[in-house]
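Peer 1: Kindly return the folded structure for what I paste below:
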Amino acid sequence: ARKADILFIAVPISATPMVIERLAPLMKKNALITDVTSVKTPAIKAMKRCAPPTAEILGLHPMFHDSMVADMRGQTIVVCPVRTGPWNRWFLSFLRHEGAVLQKCRPQAHDQMMSVIQGITHLSAIATGIALRKLGVSAIKSLKFSSPIYRLRLEMVGRVLYQSPKLYSEIALENPKTMNSL
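Peer 2: Numbers count the residues shown, from 1 in each chain. The predicted structure is shown next:
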């Protein structure tokens with residue numbers, strides 16, 4: 001942290017503020033600190049509180065998983081700029097050059113939007129998986145009778161259930177906007 005020009009925080013959502021609190025005070029005074037967590041408000045608050053007052057602050061949220069896309073071209077990255085400067089401009093320029101679609105917003109607006117895009121979507125996929133299991137329905141066998149929309153739904157259920165349960169529980173539980181949306 002003491003030597004980095006750009007300090008990336010990429011840890012589980014629940015650990016993000018604590019890691020920021022430990023590392024941000026060690027930063028160079030004109031470095032950039034950024035996170036890639038799915039919940040912005042607590043991370044941004046911790047960066048503002050703990051980073052040097054001259055440090056650049058940028059919240060990022062890539063809206064894709066690296067195992068599901070070949071590169072960043074056409075992929076959305078939500079950007080929450082707080083304190084901008086040369087590192088911030090350079091990094092955002094790099095992301096644009098790589099083809100990322102940058103969507104700028106405030107941390108609170110991000111968290112509200114994620115309560116729908118991630119929270120409700122993930123929770124409904126999990127509920128569908130639980131319902132299929134409780135009903136004793138084989139997803140594979142059900143495909144013989146399926147419509148295109150059902151196949152899309154099963155694909156989403158599979159993607160969510162294949163990922164880390166801890167990740168999805170944190171996306172839902174660490175974002176207060178998700179819990180208010182349900």
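Peer 1: what number of residues lie near F145?
Peer 2: 7 (other C-beta atoms under 10 Å). Quick note: C-beta positions are derived from backbone N, CA and C, even for glycine.
Peer 1: Check it and give its pLDDT.
Peer 2: F145 carries a pLDDT score of 94 in this model.
Peer 1: What backbone torsions are found at it?
Peer 2: F145 adopts backbone torsions of phi -110, psi 10, taken as degrees, to the nearest 10.
Peer 1: Look up how far D66 lies from the residue nearest the centre of the chain.
Peer 2: Centrality entry for the chain: nearest residue to the mean C-alpha point is S38, 2.8 Å, by C-alpha atoms, centre = their mean. According to C-beta to C-beta, to the nearest Å, S38 stands 15 Å off from D66.
Peer 1: Then L167?
Peer 2: From L167 to D66 the distance is 13 Å (C-beta to C-beta).
Peer 1: which stretches of the chain form strands?
Peer 2: Remark: strands assigned in the chain by DSSP state E are 6-9, 32-35, 56-62, 76-83, 101-104.
Peer 1: Check which strands are paired with the longest one and give the direction for each one.
Peer 2: Note on strand 76-83: by DSSP bridges, its sheet partners are strand 56-62 (antiparallel), strand 101-104 (parallel).
Peer 1: Select, out of those, the one closest to S142.
Peer 2: Among the strands paired with strand 76-83, strand 56-62 comes nearest to S142, with 32.4 Å by C-beta to C-beta.
Peer 1: Put the alpha carbons of the closest one into PDB.
Peer 2: Written as PDB, here are the backbone C-alpha positions of strand 56-62 (Å, rounded to 0.1, in the frame of the first residue of the first chain):
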ATOM      1  CA  GLU A  56      -7.900  10.000  -5.400                       C
ATOM      2  CA  ILE A  57     -11.000   7.800  -4.700                       C
ATOM      3  CA  LEU A  58     -12.900   5.700  -7.200                       C
ATOM      4  CA  GLY A  59     -15.600   3.100  -6.700                       C
ATOM      5  CA  LEU A  60     -15.800   0.500  -9.400                       C
ATOM      6  CA  HIS A  61     -18.200  -2.300 -10.000                       C
ATOM      7  CA  PRO A  62     -17.600  -4.600 -13.000                       C
END
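Peer 1: State the mean pLDDT of that strand.
Peer 2: For strand 56-62, the per-residue pLDDT averages 97.
Peer 1: Return the distance of it from the chain's centre.
Peer 2: Chain-centre distance of strand 56-62: 10 Å, with C-alpha atoms, centre = their mean, to the nearest Å.
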